[in-house]
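**Student:** How does the following fold in three dimensions:
(one chain, ligands or ions: 1)
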Amino acid sequence: MSTETKKTELIRGGQFVVKETKAEDIFTPEDFNEEQEMMKGSVKEWIDREVWPKKEEFEKKNYALTEEMMEKAGELGFLGVSVPEEYGGLGMGFVSTMLVCDYISGATGSIATAFGAHTGIGTMPITLYGTEEQKKKYVPKLATGEVFGAYCLTEPGAGSDANSGKTKAVLSEDGKYYSITGQKMWISNAGFASTFIVFARIEDDKYITGFIVEYDKENPNGISMGEEEKKLGIHSSSTRQVFFNETKVPAENLLAERGDGFKIAMNVLNIGRIKLAGACLDAQRRVIDGSVKYANERVQFNTAIAKFGAIKLKLAEMATAAYAGESAVYRAAKNIEDRIALRIEEGNSHAEAELKSVEEYAIECSILKVACSEDIQHCSDEGIQIFGGMGFSADAPMESAWRDARIPRIYEGTNEINRMLAVGMLVKKAMKGHVDLLGPATAVGQELTGIPSMDKPDYSELFAEEKEILQNMKKIFLMVAGSAVQKFGAELEEHQQLLLASADILIEIYMAESAILRTEKNANRLGKETQKEQIAMSQLYLYNAVDKITQKAKEGVVSFAEGDEQRMMLMGLKRFTKYQNQPNVVALRNTIAEKLTSENKYCF
Ligand SMILES: Cc1cc2nc3c(=O)[nH]c(=O)nc-3n(C[C@H](O)[C@H](O)[C@H](O)COP(=O)(O)OP(=O)(O)OC[C@H]3O[C@@H](n4cnc5c(N)ncnc54)[C@H](O)[C@@H]3O)c2cc1C
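**Tutor:** Residues are numbered from 1 along each chain as shown. Just a heads-up that it's a prediction; the model follows:
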């Protein structure tokens, strides 16, 4: 097959909202190859053996333990999975990288954060933007954990508005070095890192510039640290302020070009976002595991609480969200991996290919970051509830899981910023002609004014009705977001609540579709009877998604449409969210929960 053919077959980022994807065209966790299974197995085995038993110790602000575990992760090769072999890494594909990130992150948020900060934002700016000399000098040591990395972007006055930092970089008269002065805050790994990626402004440049800055405790070169921050969670993750006072940095340590810093920061964050989504998955599996076991053991009213409908509801919803998250993360990860391979075939360097491919799916990266970070939060909250009073105790694992789950909604771009980005990027793609939103949106407009079909649909095939509803949910997005773009044009970005509502619709579509397509693919190859609970989870996810979308779409429509236009859209909304056969969600939840409790673990 020619590169051209493959290129047209590969779905573009954001296109899922206007295109029908076939089940056989998505990658699922059941498609992991031998190498990927091996990677998953070895990371999981190490975490179970070395990290999970020390969970309590991680709550005691034992930063040295995090450093020690990171060193071990380095010795085992886990820090270099995504680093090309020529720079001392394992050079594995994007899916394997995601697997490591997923399974290394479940036991404690402290390791998840240290690992993410080091391998993602600490290392990738160099592997992706560094010169050959910079890569040779820094990356092999980062890949093995001989040195650790940190990323200094945030400042007291520059958080979400990352390009507004005040840190300055002044070039020396002889042009040999920059002198960096400024204050960075919330810097993960600061307490034990010695390679910092620092963003600073040269003169009055519009955009900041990235630098590689070495830190040696014995010879601090103007670098000093604040105390460890006192945080709600991730207690053994080092987070400090870092101060630079005329820190001298060789001119050759400038990353990419002057003024490229904002671009570097944003592109590296795109990768960070999908990895953070992956990092929320195993935490969910472990919380569900613990909750199921506890519910089976805990007896009240002479009955194991797992037998109560109220507990079944919780377990089923927790597992459903985890299943959908896993389906969506690996679907997107494989899209990225395939596009990287295609770009390399076309002559791109690995770094260029990775950057461009992740940028292509930046919408999905934002969607996943928001969805999975909120799922782990909800999951751990319900975990506490299932444990009852014990859930509130620091002696049980739910309390720390809940506190650790709070941070993913804030870093790597807050969920508000990521929601608005997801819709904003999609609109931009449409304007550039990369995703045709206008054609489908016009068709939806015509459908709204037309007479609904009275044909009796044939729903005998698995998911026939669900897939029709999915198509209708896409129509709802096009109706709401399409009309909003027409109404407000470039001023849409000022209508934040409308953007947030549209983002929620987009998120629910991607997550529901990923769960359904994964299950359909597995039912086709393994038999429908093997997928009973997965079918139930897919149907339950969709049912919940329809409810959320109805609420968000209504909120959007009434915010900008009035009179006949509003009535027409609300009628459309009713039509597009209508089930011919309402699923019995109570029965679906019972099916899922009973499987979990009979297996006494998260088993999907
Ligand atoms: C534990 C931890 C580790 C971290 N690690 C690192 C690290 O290693 N390196 C690093 O550089 N940074 C790091 N950060 C910083 C993190 O990325 C920022 O906290 C985050 O980007 C938000 O910035 P902020 O805290 O200044 O919040 P703000 O930007 O002040 O946001 C406050 C609130 O306002 C909202 N908001 C802001 N702007 C808008 C807008 N335009 N429209 C609507 N709502 C808006 C936000 O969504 C949020 O709800 C870390 C933070 C924490 C807590």
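
**Student:** burial measure for the closest residue to the ligand within the stretch 101-250 of the chain, as a count.
**Tutor:** The stretch 101-250 of the chain approaches the ligand most closely through residue 159 (1.6 Å), counting by Cβ to the nearest ligand atom. (C-beta placed from N, C-alpha, C; glycine too.) Residue 159 is flanked by 18 other residues according to other Cβ atoms under 10 Å.

**Student:** Quick check: phi and psi at it.
**Tutor:** phi -110, psi -100 (degrees, to the nearest 10).

**Student:** Please name the residues that touch residue 402.
**Tutor:** 233, 377, 380, 381, 383, 384 (Cβ atoms under 8 Å, 6 or more residues apart in numbering).

**Student:** Mean confidence (pLDDT) on the one helix or strand it maps to, please.
**Tutor:** Residue 402 belongs to helix 397-404 when assigned by DSSP states H and E. Helix 397-404 shows a mean pLDDT of 97.

**Student:** returning to what we had before: and the contacts of residue 402, which two are furthest apart?
**Tutor:** 233 and 383 (14.2 Å; Cβ to Cβ).

**Student:** near the ligand at all, the helix or strand following the helix holding residue 402?
**Tutor:** Counting by DSSP H and E, the element after helix 397-404 in chain order, helix or strand, is helix 415-432. Yes. Interface with the ligand: helix 415-432 contributes 416, 417 (Cβ under 6 Å from any ligand atom).

**Student:** ok, how many other residues are close to the closest residue to residue 470 other than its chain neighbours?
**Tutor:** Take residue 470 and drop its neighbours on the chain: the residue closest to it by Cβ to Cβ, 6 or more residues apart in numbering is residue 513, 5.6 Å away. Neighbour count of residue 513, defined by other Cβ under 10 Å: 29.

**Student:** for residue 513, helix, strand, or coil?
**Tutor:** Secondary structure, DSSP: H, G, I helix; E, B strand; the rest coil: residue 513 is helix.

**Student:** wait, isn't it in contact with residue 21?
**Tutor:** Yes. Using Cβ atoms under 8 Å, residue 513 is in contact with residue 21, at 6.9 Å.

**Student:** So which residues on the stretch 351-500 of the chain come close to the ligand?
**Tutor:** Listed as neighbours of the ligand in the stretch 351-500 of the chain under the rule Cβ under 6 Å from any ligand atom: 407, 410, 411, 414, 416, 417, 496.

**Student:** Just the buried ones from those?
**Tutor:** Buried members of these, counted by 16 or more other Cβ atoms under 10 Å: 407, 411, 414, 416, 417.

**Student:** Let me see the contact set for the second one.
**Tutor:** Just to be clear, that refers to residue 411. The contact partners of residue 411, by Cβ under 8 Å, 6+ apart, come to 186, 276.

**Student:** and after the helix or strand of the chain with the lowest mean pLDDT, which helix or strand comes next?
**Tutor:** Least confident element among the helices and strands of the chain, by mean pLDDT, DSSP states H and E: helix 3-9 (a mean of 62). Counting by DSSP H and E, the element after helix 3-9 in chain order, helix or strand, is helix 34-46.

**Student:** where do the strands sit along the stretch 51-200 of the chain?
**Tutor:** Here the stretch 51-200 of the chain has its strands, by DSSP state E, counting those that start in this stretch, at 149-152, 168-171, 177-188, 195-202.

**Student:** Tell me which of the ones you listed sits most buried.
**Tutor:** Most buried of those, by mean neighbour count (mean count of other Cβ atoms under 10 Å): strand 149-152, with a mean of 28.

**Student:** What helices and strands are in contact with it?
**Tutor:** strand 177-188, strand 195-202 (3 or more Cβ pairs under 8 Å, 6 or more residues apart in numbering; DSSP states H and E).

**Student:** Name the strands paired with the shortest one and say parallel or antiparallel.
**Tutor:** For strand 195-202, the paired strands and their directions (DSSP bridges) are strand 149-152 (parallel), strand 168-171 (parallel), strand 209-214 (antiparallel).

**Student:** Tell me what angle the last one forms with strand 177-188.
**Tutor:** Using axes from the mean of the first three to the mean of the last three Cα atoms, to 10 degrees, one finds that strand 209-214 and strand 177-188 are set 80 degrees apart in direction.

**Student:** The nearest residue to residue 558 once chain neighbours are set aside: which element?
**Tutor:** Nearest non-adjacent residue to residue 558, counting by Cβ to Cβ, 6+ apart: residue 566, 6.3 Å away. If you go by DSSP H and E, residue 566 is part of helix 563-576.
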